[in-house]
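Q: Any chance you could fold what I've pasted below:
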Amino acid sequence: MRIPTSTYRFQLSDDFDLFEATRRLPYLYELGVDWVYLSPLLASEPGSTHGYDVASHEHLDPSRGGEEGLAALSAEARRLGMGVLVDIVPNHVGVAEPAEDSWWWDVLRLGRDSEHAAAFDVDWAAGEGRIRIPVVGDDDQAEPGGPIANLRLVDSPDGPELVYHDHHYPVAPGTADDGADADTVHGRQHYELVNWHLADDELNYRRFFAVNTLAAVRVEDPEVFAQSHVEVRRWFTEGLVDGLRVDHPDGLRDPQRYLDDLAALTGGAYVLVEKILEPGEALPSSWATAGTTGYDALAVVDRVLTDPAGQAALDALEARLRGAPVDWAALVHGTKRQVADTILHSEVRRITREVRRVTDAASFADVEDAVAELLACFPVYRSYLPEGREHLDEAFALAREHRPDLGATLDVLLPVLSDPWLQPARRFQQTSGMVMAKGVEDCAFYRWSRLTSLNEVGGDPSIFALPVEELHARMWERQQDWPHAMVTLSTHDTKRGEDVRARITVLAEMPQAWEQALDRLLELVPLPDPGFGALLWQAVLGAWGSSPDDELRRRLHGYAEKAMREAGDRTTWTEPDEDYEAAVHAAVDAALDRAEVRQVVDDLVALVDAPARSNALAAKLLACTIPGVPDVYQGSELWEQSLVDPDNRRPVDYDHRAAVLAGTADDPAAAKLRVLRTALTLRRERPDLFTAYAPVPVEGPAADHAIAFDRGGAITVATRLPVGLAATGWAETTLALPPGRWRDLITDRPTDGRLADLLATHPVALLTRED
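A: Coordinates of the predicted model:
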């Protein structure tokens, strides 16, 4: 198996296709990158900007370069000695436009008689033999099952179709031959167009999370696996691709079996899984994977750079803004239960139906209530029974604490949900991760603003900081168990780019200055929810200065809308509170338009800028040199001040980056690019220097401000808590270097280990022996 020393992620689109990616490969090589890492390639929904809404498994998306583009990129990668890693999406397909997905179209047309019926996870009985499609607007149907306004029967080259507004649907053979009207024909189909609100409770097909237009695929069926991986198989048969990243494995019925099937198909290629691990949770060692995509490493890097001394002051500020201390566990339980009772209630009801087929010892209502409670109490994303049984037991114990009235029902459920051979247990495992993601990442993260650099995918915001000793312990274990897992700082899914977080992290070192600035901002621009105001102003701080004002305004308005609607406590996507949202948007405009507000932001940015740069370089060098395969998200070789998607998927100026790399252009983040190039090049050219992990002792008065470790001949040195360091300096603090003469590759200077000299130019260093 070929293993990368580093990767660089490209987000492909109509504007940045495989041919353009091919043109940029020489730049990546000069940057030190080993493999190029591509977003999904298969044909997706028209106009898709991300590729996760796959519409066909049989060919590549022509708008992103198609088969010819992949062949060109692979050939150029081979010329440069680079590998190719591709993101694949086995869990679901895009069905927003049914005609784009031939499998879905055929199932809608022929129902259970379709050759592709087994590909989709449909509860046909619940829909009385029909798939419920929640697209009907409130004004188009007076009552469920009644006539649908704007529904038409039209002729097409392939036969009659039903058209609802711009959506086209097939017509089953022989159901439109008698001159019947559109509503009558609709009543004869294998699908039923229903009111969009019914998605919460009455949907009968599994989705990706709560996205109605992403229908889940049953890759646990061997024939479905084979048909949905025809193109992936070709990539490896023809030597076009070297490795895969598997999107959302927790949605699959049996991730371990899927990975075994994938290993057989690829010949044991390098495979990563987008698995979110909770603190203390381990990736199953039985899985055929090199490891996760790196969110677990991101959480450790961010926290070792966070000052634990700031926690008490920031806790007090959050409590004052919210009116009471925030109980994170209680908040998460509440948001997860809300998700289980609303947008994912259809999944809860389906589990309940399956339980009732096994046992009728408890009523439907009680089982439904208890299943929702167990999902709210589940401590990790999911179990993989019999692995992870302890998580299920913990969920039952917590459910009994929260709801003692459900004790008898929980007694009924325990043997059912703990038996991996029973359908309810398998479906519960597929569902718990959905509830966690929607309840925590996409809701609770927006309701707690203590220090939002910690509100990141794969992290637990209640864990404020980690000591250096804990970093060393975890990295030693990582070297033993998962040395080839990915390490990341920014992705297409992170809530805040790495350098946004680097700025926000500084607030832990100066909580009083942050509190004073925030109080002044809330005085100048009062907000209905001061707690949300803290989250908003941290985002402004993190992104400030990263774009011209007109673009920054648009970006911040987009972030504000998404953040307050995802929080869901004052306004929502489906029922927006116009007055509340107007007040929040007014704060964004005030930051850019009102001199007194802008001055507060400018002053705060000036205060955090230097230590934030130190944090940013420290995080980048740590991510590039701790055990694992470092990934560079597109554009993050310079400052990465993106906010949540779609902001983090904006175009990247590669001409400028290439010029900075060549030394023909300057950039405020040129030092970051230099650090990155030095580290990636060393990893690619001298992988033998990165085969172990051992702490390097730091001695002296400022020892707590340094992180140092030896990877087997390459020594990383990084500054932490730079605000506190600025008050004392390094003084006589030194590294206890192993024997030999050592040189910092970033500055190309020798060192005796004295940090005042070694870190005089940059807050980081990468050492190798001169001999």
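Q: residue boundaries of the helices in the stretch 551-700 of the chain?
A: 578-593, 595-625, 654-662, 670-685 (DSSP state H, counting those that start in this stretch).
Q: for these, which one sits closest to Asp14?
A: Among the helices of the stretch 551-700 of the chain, helix 654-662 comes nearest to Asp14, with 16.7 Å by CB to CB. The C-beta positions use only the backbone N, C-alpha and C, and glycine is treated the same way.
Q: Low-confidence regions, the stretch 501-650 of the chain specifically.
A: Applying pLDDT under 70 to the stretch 501-650 of the chain flags no residue at all.
Q: Which residues are in contact with Ala117?
A: Contact analysis of Ala117 by CB atoms under 8 Å, 6 or more residues apart in numbering lists Val107, Leu110, Gly111.
Q: my guess is the last one contacts His190, does it?
A: In other words, Gly111. Yes - with contact defined as CB atoms under 8 Å, Gly111 counts as touching His190 (3.1 Å).
Q: Please compare those two by neighbour count and tell me which comes out ahead.
A: His190 (22 against 18; other CB atoms under 10 Å).
Q: phi, psi of His266?
A: Small correction: residue 266 is Thr, not His. phi -100, psi 0 (degrees, to the nearest 10).
Q: what's the closest non-adjacent residue to it?
A: Leaving aside its chain neighbours, Thr266 sits nearest to Phe236 (4.8 Å; criterion: CB to CB, 6 or more residues apart in numbering).
Q: secondary structure element for the one you found?
A: helix 230-237 (DSSP states H and E).
Q: Identify the residues contacting that helix?
A: By CB under 8 Å, 6+ apart, helix 230-237 touches 42, 57-60, 70, 86, 88, 240-241, 244, 265-267, 269.
Q: circling back: so which of the contacts of Ala117 would you say is closest to Ala616?
A: Val107 (49.2 Å).
Q: just checking, next helix/strand downstream of the host helix or strand of that closest one?
A: Element membership of Val107 [criterion: DSSP H and E] is helix 102-110. Sequence-wise, the next helix or strand downstream of helix 102-110 (DSSP H and E) is strand 131-136.
Q: Relative to Phe225, how far out is the residue nearest to Thr266?
A: 15 Å (CB to CB, to the nearest Å).
Q: Highest neighbour count among the contacts of helix 230-237?
A: Ranking those using other CB under 10 Å puts Leu70 first, with 26 neighbours.
Q: Go ahead and confirm Pro701 touches Ala727.
A: No - taking contacts as CB under 8 Å, Pro701 lies outside contact range of Ala727: 11.5 Å.
Q: Among the two, which residue is more densely surrounded?
A: Neighbours were counted for Pro701 and for Ala727 using other CB under 10 Å; Pro701 has more, 12 against 7.
Q: For the more buried one, which non-adjacent residue is spatially closest?
A: Ranked by CB to CB, 6+ apart and with sequence neighbours excluded, the top spatial neighbour of Pro701 is Ala731, at 5.0 Å.
Q: That neighbour in helix, strand or coil?
A: coil (DSSP: H, G, I helix; E, B strand; the rest coil).
Q: can you give me the helices for the stretch 51-200 of the chain?
A: For the stretch 51-200 of the chain, the helices defined by DSSP H, counting those that start in this stretch cover 66-80, 102-110, 182-187.
Q: How about Ala215: which residues does it bridge to?
A: Val93, Arg207 (DSSP bridges).
Q: Quick one: residues contacting it.
A: His92, Val93, Val95, Trp104, Phe120, Asp121, Tyr205, Arg206, Arg207.
Q: Test my guess that the last one contacts His92.
A: Yes - taking contact to mean CB under 8 Å, the distance of 7.1 Å between Arg207 and His92 places them in contact.
Q: Pull up the overlap in contacts between these two.
A: With CB under 8 Å, 6+ apart, Arg207 and His92 have common neighbours Leu214, Ala215, Ala216.
Q: before we move on, which element is the residue nearest to Ala96 when sequence neighbours are not counted in?
A: In space, and not counting its chain neighbours, Ala96 is closest to Thr213: 3.8 Å by CB to CB, 6+ apart. Taking DSSP H and E as the definition, Thr213 sits inside strand 211-216.
Q: if we can go back for a sec, give me the neighbour count for the residue nearest to Ala96.
A: Neighbour tally, Thr213, other CB under 10 Å: 18.
Q: All set now, cheers.
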